[in-house]
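Asker: can't give you the sequence, but here's the structure:
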Ligand SMILES: [Ca+2]
Ligand SMILES: [Ca+2]
Ligand SMILES: [Ca+2]
């Protein structure tokens, strides 16, 4: 019978039982007994060696386990370290960059607004000063206007008084009174310029007619179908008729087709042509000889 030397303790015990069983048998082979004893010792040695190796294996397994734990911890530490080292910097993050750019833009906008606010404040100050100056000027002008109005009212009162006095006065002999004016009808026929010179020498001037009533009054001073110079002329500018006293011609009493510069002649002086109604104006050559008014 063969036994395996490294099976286990129970196997060794079975071997002992086998040997005992063999002792109980009649054996005549001495070599076989010797072999059995040696084989038994060998089996005992193998069991102890197995147990020793098993302890070594356990220790080795424990050591390997510890080594694995250490390696695992090291790997975890390395992983965490890599994560920390590879963590993106704050300035590299796109959102943070965008926020930083927006912050810069807002800062620039705020600076611009602050500058504009200062400019507006300055302009407001300037406008305020100008407004105050205008207010002072307005007050001054208003005061002057009140003074002028007061002076005008006083002058108007004086004019009214003078009008009353003048209306109560009569004209010199040979002069006819109409309203506040005195009129003189000459008896000498002269050209327009000399007729005016005669009037000026008498402290008067050729007549200026401003109303239909005045026109009718003057027409009444003339004899039937008589022409007389009046203060009307366009000597300085053809077609622009003016009165000798410088006043504008507002109401006209031109005859039909007048003024006409008759047959291309230079008719620059005005005359009044008497008729049965209120008379009519005509432009005439200034060198013609007429009576004057
Ligand atoms: Ca002319
Ligand atoms: Ca003319
Ligand atoms: Ca004419």
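Answerer: Yep, that arrived. All values reported here derive from a predicted model rather than from experimental measurement. Ligands and ions are numbered 1, 2, ... in the order given.
Asker: Run a quick neighbour tally on the residue of the stretch 1-150 of the chain found nearest ligand 3.
Answerer: The nearest approach of the stretch 1-150 of the chain to ligand 3 comes at residue 148, 45.6 Å away (CB to the ion). Placement of C-beta: from N, CA and C, glycine included. Neighbour count of residue 148, defined by other CB atoms under 10 Å: 10.
Asker: distance of it from residue 162?
Answerer: Using CB to CB, to the nearest Å, residue 148 is found at 20 Å from residue 162.
Asker: What is the helix or strand hosting the residue of the stretch 1-150 of the chain closest to ligand 3 packed up against?
Answerer: Using DSSP states H and E, residue 148 falls within helix 94-167. Using 3 or more CB pairs under 8 Å, 6 or more residues apart in numbering; DSSP states H and E, no helix or strand is in contact with helix 94-167.
Asker: Quickly run through the sheet partners of whichever helix or strand comes after it, with directions.
Answerer: The C-terminal neighbour of helix 94-167 among helices and strands, as given by DSSP H and E, is strand 175-178. Sheet pairing for strand 175-178, assigned by DSSP bridges, gives strand 181-184 (antiparallel).
Asker: for the strand it pairs with, which positions count as buried?
Answerer: Buried residues in strand 181-184, counted by 16 or more other CB atoms under 10 Å: 182, 183, 184.
Asker: now the residues you listed in CSV, with distance to ligand 2?
Answerer: Compiled in CSV, the buried residues of strand 181-184 are given as follows (distance: CB to the ion, whole Å):
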residue, distance to ligand 2
182, 29
183, 25
184, 26
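Asker: now, which of those lie close to ligand 1?
Answerer: The subset of those within reach of ligand 1, counting by CB under 5 Å from the ion, is empty.
Asker: I'd like the distance between the closest residue to ligand 1 within the stretch 101-250 of the chain and residue 82.
Answerer: Closest approach between the stretch 101-250 of the chain and ligand 1, counting by CB to the ion: residue 238, at 4.3 Å. Applying CB to CB, the value for residue 238 to residue 82 is 110 Å.
Asker: Thanks again, I'm all set now.
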